[in-house]
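Okay, structure incoming, though there's no sequence with it:
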């Protein structure tokens, strides 16, 4: 239900809040699992179902490019390629076949722009026996660290022989100097759970397993905002849906301080109950200088369909039976903000105290405050408002708007008087 705090905002020009909020919330696009745009359903992994399948990531790595990935292989009886591209050198990670014992391997081919020959392979300290593999690389520019780690085993890379960027990085197969190498096939049954490309400590690609609105499985890059399906023949990848999971998201990106917190809670059992709250409402986004109010929640299934909703800001969430994926999305509407303040120029030495406009973004009500005006709803204070530079106006609510604080900056420009007048450069507003 609507809290008493929200009810107070229905006074003083806020009577249209809930109707307008409902219209606005209905138009907002749901973000699948809090990361993907509408039309994409996040899944646990994509699965290779045909040996001709692969993904062209469209990214050209070089010897300082890092990778973080989670994948699984069906066994170690074949050459399992996670990624591979080569020109004069190779950038790759491949688990080597162990024909003597296909349940384990201790050899991998891991390259940062090396020659990539089959004879240049790394022997791990211990055998890999788990087919579920977490893999990451680490390069430090002064070369104090140039390693890869596979299931906890940290090993030095083979020394690089090239420094330029290679051709596009392929997943599951080999890009041989710009062309698909037909003799190297994907391994059916290989699964990819996550794949991230990093340079200089910053993610330049974050590939999330998903299914699009045409039921085509692939990877969505949340950095470059692009979808990557199978680049070869053999149809669409297979996929596995997310396990019993609750994701918490918001209609305005990560607004408020909800409980459970934003992110993913896994391993929920059928019928398990959780106390859910949107957190403080109204909520002030200090960086944006705006106030948001929570108008309720929506609950989505793994196909991005709304399965239930409500106007409560706190309620008891019950996980479905049988246990499945759900996404709880809190519905937030921007309520109050200070409209942009024009640049200020003044011909006096007085501190700059411009009038400004506080706007209700839901029903269009505005209040002009500041300067020499007196308001029953808002007080205005100014800081750094003398001389040229950037000043800040702080609006503090009172009465029906008590505890509301809004901020907006504005520019103060110097003023040069016209030639022929008593001239000096005024420090304007």
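Received the coordinates, thanks. Keep in mind that what you see is a predicted model, and the values were worked out from it rather than measured.

could you pull out the strands for the stretch 151-300 of the chain?
153-156, 170-171, 175-176, 179-180, 191-199, 202-212, 217-221, 226-228, 238-240, 245-250, 263-266, 273-277, 283-285, 290-300 (DSSP state E, counting those that start in this stretch).

mind listing the helices for the stretch 1-150 of the chain?
Secondary structure of the stretch 1-150 of the chain (DSSP state H, counting those that start in this stretch): helices at 4-8, 17-27.

worst average pLDDT in these?
With a mean of 29, helix 17-27 has the lowest mean pLDDT of the helices of the stretch 1-150 of the chain.

How is this structure divided into domains?
4-34+243-334, 44-240, 339-426 (automatic domain parsing).

Those domains into a markdown table, with extra columns for mean neighbour count?
In short, each C-beta sits where N, CA and C put it, glycine included. Below are the domains of the chain laid out as a markdown table (neighbours: other CB atoms under 10 Å):
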| stretch | mean neighbour count |
| --- | --- |
| domain 4-34+243-334 | 17 |
| domain 44-240 | 18 |
| domain 339-426 | 15 |
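
Residue 88 is nearest to which of the strands of the stretch 151-300 of the chain?
Closest approach to residue 88 among the strands of the stretch 151-300 of the chain (CB to CB): strand 175-176, 11.7 Å.

Can you list the helices and strands that the closest one packs against?
With contacts taken as 3 or more CB pairs under 8 Å, 6 or more residues apart in numbering; DSSP states H and E, strand 175-176 sits against strand 80-86.

chain center to the strand it packs on: distance?
How far strand 80-86 lies from its chain's middle: 27 Å, per CA atoms, centre = their mean, to the nearest Å.

what lines up beside it in the sheet?
strand 90-95 (antiparallel), strand 170-171 (antiparallel), strand 175-176 (parallel) (DSSP bridges).

Among those, which comes closest to residue 384?
Checked against CB to CB, the stretch from the strands paired with strand 80-86 lying closest is strand 90-95, at 50.7 Å.

now the strands of the stretch 151-300 of the chain in JSON lines, with distance to residue 81 and mean pLDDT?
Listed next are those as JSON lines, based on distance: least, CB to CB, whole Å; pLDDT from 0 to 100:
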{"stretch": "strand 153-156", "distance to residue 81": "18", "mean pLDDT": "93"}
{"stretch": "strand 170-171", "distance to residue 81": "8", "mean pLDDT": "98"}
{"stretch": "strand 175-176", "distance to residue 81": "11", "mean pLDDT": "96"}
{"stretch": "strand 179-180", "distance to residue 81": "12", "mean pLDDT": "97"}
{"stretch": "strand 191-199", "distance to residue 81": "11", "mean pLDDT": "96"}
{"stretch": "strand 202-212", "distance to residue 81": "16", "mean pLDDT": "95"}
{"stretch": "strand 217-221", "distance to residue 81": "16", "mean pLDDT": "97"}
{"stretch": "strand 226-228", "distance to residue 81": "16", "mean pLDDT": "97"}
{"stretch": "strand 238-240", "distance to residue 81": "18", "mean pLDDT": "95"}
{"stretch": "strand 245-250", "distance to residue 81": "29", "mean pLDDT": "90"}
{"stretch": "strand 263-266", "distance to residue 81": "29", "mean pLDDT": "85"}
{"stretch": "strand 273-277", "distance to residue 81": "41", "mean pLDDT": "95"}
{"stretch": "strand 283-285", "distance to residue 81": "45", "mean pLDDT": "82"}
{"stretch": "strand 290-300", "distance to residue 81": "35", "mean pLDDT": "91"}
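
what's the closest of those strands to residue 377?
Closest among the strands of the stretch 151-300 of the chain, using CB to CB: strand 290-300, at 13.0 Å.

angle of the closest one against strand 273-277?
160 degrees (axes from the mean of the first three to the mean of the last three CA atoms, to 10 degrees).

packing partners for strand 290-300?
Strand 290-300 sits against helix 17-27, strand 283-285, strand 306-310, strand 325-338, with contacts defined as 3+ CB pairs under 8 Å, 6+ apart.

Can you give the distance from that strand to the centre of its chain?
How far strand 290-300 lies from its chain's middle: 19 Å, per CA atoms, centre = their mean.

before we move on, the earlier item: got JSON lines for the strands paired with strand 80-86, with distance to residue 393 too?
Formatted as JSON lines, the strands paired with strand 80-86 follow (distance: least, CB to CB, whole Å):
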{"stretch": "strand 90-95", "distance to residue 393": "53"}
{"stretch": "strand 170-171", "distance to residue 393": "52"}
{"stretch": "strand 175-176", "distance to residue 393": "56"}
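
And residue 49, how far from residue 171?
14 Å (CB to CB, to the nearest Å).

which residues in the stretch 301-429 of the chain form helices?
Under DSSP H, counting those that start in this stretch, the stretch 301-429 of the chain gives no helices.

got any ranges where it has weak pLDDT?
Applying pLDDT under 70 to the stretch 301-429 of the chain flags residues 346-349, 414-429.
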